[in-house]
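In: Here is the input, now give the coordinates:
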Amino acid sequence: MSFIWNFPLFTVVLSLFSGVLCMMLSAKAARYYTIAYESVLVAMTGSVLWFTWRKGRSFTYPMGEFPAPWGNEIRAGSLEALIALLFAVVLLCSVTAGFHFIRKDIDKSKINLYFSILNLMTAALMALAWTNDVFTGYVFLEILTLTSCGILIVREIGRTTLAAVRYMILNLMGSGLFLMGIVLLYDLSGHLLMIPMRQSLAQVVQDPAAIPVLSVSIGIMTVGIAIKTGLFPFYFWMPDTYGRATPTSGAVLSGLVTKAYIFLLFKIYYRAIGIQVLQKTPVLKILFVLGICGMIVGSVSALRAGNVNRMIAFSSAAQIGYIYMGLGLGTVAGFAAAIFQILAHALTKSLLFLTSPYLAEVSGDSLGFHALQGSARRDPLAGRLFAIGALSMIGIPIFAGFSAKLMFAQAAVLGGIHWKILVILTALGISSVLNAIYFIRTMIRIYVDPDSTMKRPKRVVPGHDRSRLGYIAAGIVLAGLNLFMGLFSWAVSDVIYRGLGMFL
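Out: Numbering: from 1, shown residues only. Here you go, the predicted model:
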């Protein structure tokens, strides 16, 4: 067995250990330790991706001595490694870019607690990427829910506390529904490991009377994840949750947490249930319709938002709709497009949430559009990085967002169903136009100088500040990866398709 086979487990164990250790460190030491160990995570997940790509196969090994259906397994293929690498890179960039605001928004005595919670969240993210067992997925899904509330509430302002309470209530409701769905699937299949569950369900659906029960099981589980990820019509919690959090928290919650939930659902669909079994239920059709609705309604809500963070949050609801639309197609091409959208959205939304506070900082600490006029001239780097994220969201060629929309269009055509092709292309067109309206309007505002008769607070950007250097490095990495996915989308999609081939 190659030593690299141990890396998936190491990423989880190291993150759990780091969560405990940061409780005993000072704020400064916790920050530097977190950056160092997350750099190690990037190296380990990158090594697993390289290993599985070079070997052309995945590897699976049991945790403990118990076989199916009670055992637990770790599984690593190219797709799991790619998602884990995404989590590690965005976490590292979010910490380095957002530390200036962590010091500003969080009491100094609680900064080490913040990093402790963030590291425990990292353990949950890594476990959800690697697990091959649906119940273990539920356990770490709950850990991810609790730590998400922790990094939100630690800011300790009134609206943030209210947003955290609402977020926890809705997420616990979603977790409960997800658990009920797993219990029903276990009752039908007698297994919790994904491949044995799929093999058992393939036999169960031979009886037509079992299909309604299976549909209810999958439907309950899917509704639970839909609530937790903000699929239409459950997206109303997003603006306060993402918009009120400190920038690092907003970037992680929007860019990673929702994607981890969706990736777990995707693995259950593809590996534990199977596409052919899933197509016998109405779940995919419902997801397709709700995804289309989310694309349009989220974009309309973003168009009406009163500040830039609320606009970005509502835009996230629209982008989540894209992912569920791809899953709703029920084809390999649709699933591949959904995974590509997960990657593109995680990189782009984290870049936007990390950039907008710097624009606000040179505008009297206000996120309102009126105050942000000319902010890109007062902080040129933030303006350029925001523009890159905005252009990607619109779908301008050379950026990741364009490649994602192109893959959805291709998936629709490959599906061969004429009405779906028409619906998807129309929805993509409407959503792209709405994206263009509110993002281009925002870019015009931040680049146009304010009325000279109005007094605007100005600040000198501290070029020597170490936190500023971290922001510059993280911004370059996120923007560079966005461009890479746009210019070399064929390479990324090749990894995705190979990973899907290894899934079974």
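In: part of a helix, is residue 73?
Out: No. Looking at residue 73 with DSSP: H, G, I helix; E, B strand; the rest coil, it is strand, so not inside a helix.
In: Bridge partners for it, pull those for me.
Out: For residue 73, the beta-bridge partners are residue 62 (DSSP bridges).
In: OK, contacts around it?
Out: For residue 73, the contacting residues are 60, 61, 62, 63, 131, 132, 133, 193, by C-beta atoms under 8 Å, 6 or more residues apart in numbering. For glycine as for every other residue, the C-beta is placed from the backbone atoms N, C-alpha and C.
In: same thing but at 10 Å, please
Out: The neighbourhood of residue 73, defined by C-beta atoms under 10 Å, 6 or more residues apart in numbering, consists of 60-64, 67, 130-133, 136, 192-195.
In: Check residue 46 too.
Out: Residue 46 makes contact with 7, 81, 82, 84, 85, 88, 89, according to C-beta under 10 Å, 6+ apart.
In: The first one: helix or strand, and which one exactly?
Out: To tie it back to what came earlier, the one meant is residue 7. helix 7-22 (DSSP states H and E).
In: possible to save the contacts of residue 46 as TSV with distance to residue 33 and pLDDT?
Out: As requested, these are exported to TSV (distance: C-beta to C-beta, whole Å; pLDDT from 0 to 100):
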residue	distance to residue 33	pLDDT
7	20	91
81	24	93
82	26	94
84	20	94
85	21	95
88	15	94
89	18	94
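In: circling back to that earlier point, need the next SSE after the helix holding residue 7, C-terminal direction.
Out: Using DSSP H and E, the helix or strand that follows helix 7-22 in sequence is helix 27-55.
In: Can you point out the buried residues in that next one?
Out: Using 16 or more other C-beta atoms under 10 Å as the test for burial, helix 27-55 gives 27, 30-31, 33-35, 37-38, 41-42, 44-49, 51-53.
In: next one: stretch 303-321
Out: For stretch 303-321, the neighbour count (16+ other C-beta under 10 Å) marks 305, 307-321 as buried.
In: Pull the most distant pair out of those residues.
Out: With C-beta to C-beta as the measure, no two of those lie farther apart than 307 and 321, at 21.9 Å.
In: could you say what helices and strands the lowest-mean-pLDDT helix or strand in the chain packs with?
Out: Lowest mean confidence among the helices and strands of the chain (mean pLDDT, DSSP states H and E): helix 238-244, at a mean of 76. Applying 3 or more C-beta pairs under 10 Å, 6 or more residues apart in numbering; DSSP states H and E, one finds that helix 238-244 makes contact with helix 134-153, helix 158-189, helix 247-252, helix 283-303, helix 308-329, helix 332-361.
In: if you set the cut-off to 8 Å instead, what comes out?
Out: In this structure, helix 238-244 packs against helix 158-189, helix 308-329, with contacts taken as 3 or more C-beta pairs under 8 Å, 6 or more residues apart in numbering; DSSP states H and E.
In: orientation of the first one relative to helix 134-153 in degrees?
Out: Think helix 158-189. Angle of helix 158-189 versus helix 134-153, following axes from the mean of the first three to the mean of the last three C-alpha atoms, to 10 degrees, is 180 degrees.
In: Can you give me the buried ones in helix 158-189?
Out: Buried residues in helix 158-189, counted by 16+ other C-beta under 10 Å: 160, 163-164, 167-168, 170-172, 174-175, 177-182, 184-186, 188-189.
In: outside of stretch 398-418, which residues touch it?
Out: Residues outside stretch 398-418 that contact it (C-beta under 8 Å, 6+ apart): 322, 325-326, 329, 331, 333-334, 336-337, 340-341, 343-345, 347-348, 388, 391-396, 420-421, 424-425, 428, 432, 481-483, 485-487, 489, 492-493.
In: Could you tell me which ranges of the stretch 101-250 of the chain sit under the pLDDT cut-off?
Out: The stretch 101-250 of the chain contains residues with pLDDT under 70 at 156-158.
In: nearest residue to residue 80 other than its sequence neighbours?
Out: Among residues not flanking residue 80 along the chain, residue 129 sits closest, at 5.3 Å (C-beta to C-beta, 6 or more residues apart in numbering).
In: Now do the contacts for that neighbour.
Out: Listed by C-beta under 8 Å, 6+ apart, the contact set of residue 129 reads 80, 83, 84, 87, 260, 263.
In: Mind doing that once more with 7 Å?
Out: Taking C-beta atoms under 7 Å, 6 or more residues apart in numbering, we find residue 129 in contact with 80, 83, 84, 87, 263.
In: now, which of those residues sits nearest residue 475?
Out: Proximity of those to residue 475 (C-beta to C-beta) peaks at residue 87, which lies at 18.7 Å.
In: what about the closest one, how many neighbours?
Out: As a burial measure, residue 87 scores 30 neighbours (other C-beta atoms under 10 Å).
In: Check the offset of the host helix or strand of it from the chain's centre.
Out: Under the criterion of DSSP H and E, residue 87 resides in helix 78-105. Computed by C-alpha atoms, centre = their mean, to the nearest Å, the chain-centroid distance of helix 78-105 equals 11 Å.
In: any idea which helix or strand comes after it?
Out: The helix or strand immediately downstream of helix 78-105 is helix 111-130, counting by DSSP H and E.
In: from memory residue 242 sits against residue 311, does it?
Out: No. Using C-beta atoms under 7 Å, residue 242 makes no contact with residue 311, being 10.7 Å away.
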